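Trainee: the following comprises the amino acid sequence and a computationally predicted model.
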Number of protein chains: 2
Amino acid sequence: MESSDETVETAGTSTGEAAGSSVAEQDWARASADPQYRAAVVDLLGALAYGELAAFERLAEDAKLAPAVEDKAQLAAMASAEFHHFERLRDRLAAIDVDPASAMEPFAAALDGFHRQTAPSDWLEGLVKAYVGDAIAADFYREVAARLDSDTRDLVLKVLDDTGHGQFAVEKVRSAIEADPRCGGRLALWARRLMGEALSQAQRVVAERDALSTMLVGGIADGFDLAEVGRMFTRITEAHTKRMAALGLAA
Amino acid sequence: MESSDETVETAGTSTGEAAGSSVAEQDWARASADPQYRAAVVDLLGALAYGELAAFERLAEDAKLAPAVEDKAQLAAMASAEFHHFERLRDRLAAIDVDPASAMEPFAAALDGFHRQTAPSDWLEGLVKAYVGDAIAADFYREVAARLDSDTRDLVLKVLDDTGHGQFAVEKVRSAIEADPRCGGRLALWARRLMGEALSQAQRVVAERDALSTMLVGGIADGFDLAEVGRMFTRITEAHTKRMAALGLAA
């Protein structure tokens, strides 16, 4: 089943960056006729769903480090938003007749590993992690949206729209660094460790999941060469570096 | 400022049980002119808000005990619902010009104490706690609604409407007891400990918070005598006992 047909489906809207990608012009019914594309999207939704559920769990736990009840409430609000993202992704998996638990299972080890390696030791580390995690997730959702059929893209963009709750952390981290510049060095190291761990777990997933990786490098949606996944990681890392600099942390 | 005026305010709807309570027939603007009533409601909203936030935190933590990702998601859904209850209550405190953190603070020790004393040691204990906690909270919201002005009652009933997420636990606990009847004895003891700890913390709060206790015993809303708070606890305990029996646990 070749999906090179260029017919524009009803729900297909342009996402700007999707030049040359025929999948972006198809809806799910059409695009999923290609079993490899279908497998890739199931992988993607499974990975994102488990990622959101794990993020919920860790943010809720990190909320315990909050010095005041308002701070706790803000991290809890973020956790709750992640849970609703999880619900959307899980419901989508169910709607396309996939068992959500089976779709998530292949990604549990990498995501649990990431969180185990990056348990914050205090409130500021928790804030930096919440902010960095939220921003990297938003970058990834934005990047991947262009490679998706119109229905899956709509879902991903809806989740993305409701992201950005980590912004509250910026003010708090910045004023903590102003009050005690030494903690800036420690937090910069911490942010670098978060990014390093995220990339190493992402590479583990890319190596293990053929269909997902092929989609990310453009093996299905034509117009991307093999180096594209590397460039995507580079773009996300650069955006992270800029954000850290803006936060007063040399990344 | 005596609040014995019988004029029915626009938003005042009957809640059945509110016979003789003139506060129930007033809206917030009128009822809160009585400073003691106002203090009682601020206490109540503060206690409920902290209770919901603490419940969010503990449920999210207990979700880690889940044997499967679907189970984890169900406890996380409950945690997220509690967080939205917290948001409603906090927003209401802010709307009546009360600092939510200050209103919550007096109840933090009792609620944290409850959760510290009742940390589940396994998934089944977590399920029983989620179910029991949810049901007792619903009973309390229902009981207290009748003592409130129409605006505060509307808020409490809206939160109550969105309660009952603990129901999923019933099926799981029941089948666990069927599979291994010995665990029924252990869980019955556990449920009794939960109720005992809840009552002892509630008594601590009642002893310390004059305005709230006076409202609960009907010192403001006339028509309740001094034994009413005791009877309320008794009704809630009886409902708990019935639920435990239905669950296969002799309470």
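Mentor: Arrived safely, thanks for sending.
Trainee: count the residues that sit near A:Arg235.
Mentor: 13 (other C-beta atoms under 10 Å in any protein chain shown). Where C-beta positions appear, they are placed from N, C-alpha and C, glycine not excepted.
Trainee: centre of the chain to the least confident helix or strand in chain A by mean pLDDT, how far?
Mentor: One helix or strand of chain A scores below all others by mean pLDDT, DSSP states H and E: helix A:210-216, with a mean of 82. Here the centre of helix A:210-216 is set off from its chain's centre by 16 Å, with C-alpha atoms, centre = their mean, to the nearest Å.
Trainee: ok, stretch A:34-44 next?
Mentor: With C-alpha atoms, centre = their mean, you get 18 Å for stretch A:34-44.
Trainee: quick one: average pLDDT of that stretch?
Mentor: Averaged across stretch A:34-44, pLDDT comes to 93.
Trainee: likewise stretch A:149-158?
Mentor: On average, stretch A:149-158 scores 95.
Trainee: same question for stretch A:90-103.
Mentor: Mean predicted lDDT for stretch A:90-103 stands at 97.
Trainee: ok, and what's touching that stretch?
Mentor: A:28, A:32, A:42-43, A:45-46, A:49, A:152, A:155, B:68-70, B:73 (C-beta atoms under 8 Å, 6 or more residues apart in numbering or on different chains).
Trainee: so what secondary structure elements neighbour the helix or strand where A:Cys183 lies?
Mentor: According to DSSP states H and E, A:Cys183 maps onto helix A:182-208. Helix A:182-208 sits against helix A:100-117, helix A:123-145, helix A:167-179, helix A:210-216, helix A:228-246, with contacts defined as 3 or more C-beta pairs under 8 Å, 6 or more residues apart in numbering or on different chains; DSSP states H and E.
Trainee: circling back to that earlier point, same list (the contacts of stretch A:90-103) but as a markdown table, adding neighbour count, secondary structure and distance to A:Gln203.
Mentor: A markdown table is the format used below for the contacts of stretch A:90-103 (neighbours: other C-beta atoms under 10 Å in any protein chain shown; DSSP: H, G, I helix; E, B strand; the rest coil; distance: C-beta to C-beta, whole Å):
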| residue | neighbour count | secondary structure | distance to A:Gln203 |
| --- | --- | --- | --- |
| A:Trp28 | 23 | helix | 29 |
| A:Ser32 | 20 | coil | 27 |
| A:Val42 | 21 | helix | 21 |
| A:Asp43 | 22 | helix | 15 |
| A:Leu45 | 23 | helix | 20 |
| A:Gly46 | 26 | helix | 18 |
| A:Ala49 | 26 | helix | 21 |
| A:Thr152 | 24 | helix | 24 |
| A:Leu155 | 19 | helix | 26 |
| B:Ala68 | 11 | coil | 28 |
| B:Val69 | 21 | helix | 24 |
| B:Glu70 | 14 | helix | 29 |
| B:Ala73 | 22 | helix | 27 |
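Trainee: chain B contacts on the stretch 101-250 of chain A?
Mentor: Within the stretch 101-250 of chain A, the positions near chain B by C-beta under 8 Å from any C-beta of the partner chain are A:Ala101, A:Met104, A:Glu105, A:Ala108.
Trainee: most neighbours, which of the residues you listed?
Mentor: Most crowded among these, counting by other C-beta under 10 Å, is A:Met104 at 27 neighbours.
Trainee: isn't that residue up against A:Ala49?
Mentor: Yes: under the criterion of C-beta atoms under 8 Å, A:Met104 makes contact with A:Ala49 at 5.4 Å.
Trainee: and the gap between A:Arg153 and A:Thr214?
Mentor: 18 Å (C-beta to C-beta, to the nearest Å).
Trainee: stretch A:37-55 and chain B, are they touching?
Mentor: Yes: Stretch A:37-55 is in contact with chain B by C-beta under 8 Å from any C-beta, via A:Tyr50, A:Leu53.
Trainee: model confidence for the closest residue to chain B within chain A, exactly?
Mentor: Residue nearest to chain B within chain A (C-beta to the nearest C-beta): A:Ala60, separated by 3.2 Å. pLDDT for A:Ala60: 94.
Trainee: report the buried residues of stretch A:197-212.
Mentor: Residues of stretch A:197-212 classed as buried by neighbour count (16 or more other C-beta atoms under 10 Å in any protein chain shown): A:Glu197, A:Ala198, A:Gln201, A:Ala202, A:Val205, A:Val206, A:Arg209, A:Ala211, A:Leu212.
Trainee: pull that stretch out as PDB, backbone CA atoms only.
Mentor: What follows is stretch A:197-212, C-alpha atoms only, in PDB (Å, rounded to 0.1, in the frame of the first residue of the first chain):
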ATOM      1  CA  GLU A 197      19.800  12.000  30.100                       C
ATOM      2  CA  ALA A 198      16.800  12.900  27.900                       C
ATOM      3  CA  LEU A 199      18.900  12.500  24.700                       C
ATOM      4  CA  SER A 200      20.400   9.200  25.800                       C
ATOM      5  CA  GLN A 201      17.000   7.800  26.500                       C
ATOM      6  CA  ALA A 202      15.600   9.200  23.200                       C
ATOM      7  CA  GLN A 203      18.500   7.500  21.400                       C
ATOM      8  CA  ARG A 204      17.700   4.200  23.100                       C
ATOM      9  CA  VAL A 205      14.100   4.500  21.900                       C
ATOM     10  CA  VAL A 206      15.100   5.400  18.400                       C
ATOM     11  CA  ALA A 207      17.400   2.400  18.200                       C
ATOM     12  CA  GLU A 208      14.700   0.000  19.400                       C
ATOM     13  CA  ARG A 209      11.600   1.200  17.600                       C
ATOM     14  CA  ASP A 210      12.000   0.900  13.800                       C
ATOM     15  CA  ALA A 211       8.600   2.200  12.600                       C
ATOM     16  CA  LEU A 212       8.800   5.300  14.800                       C
END
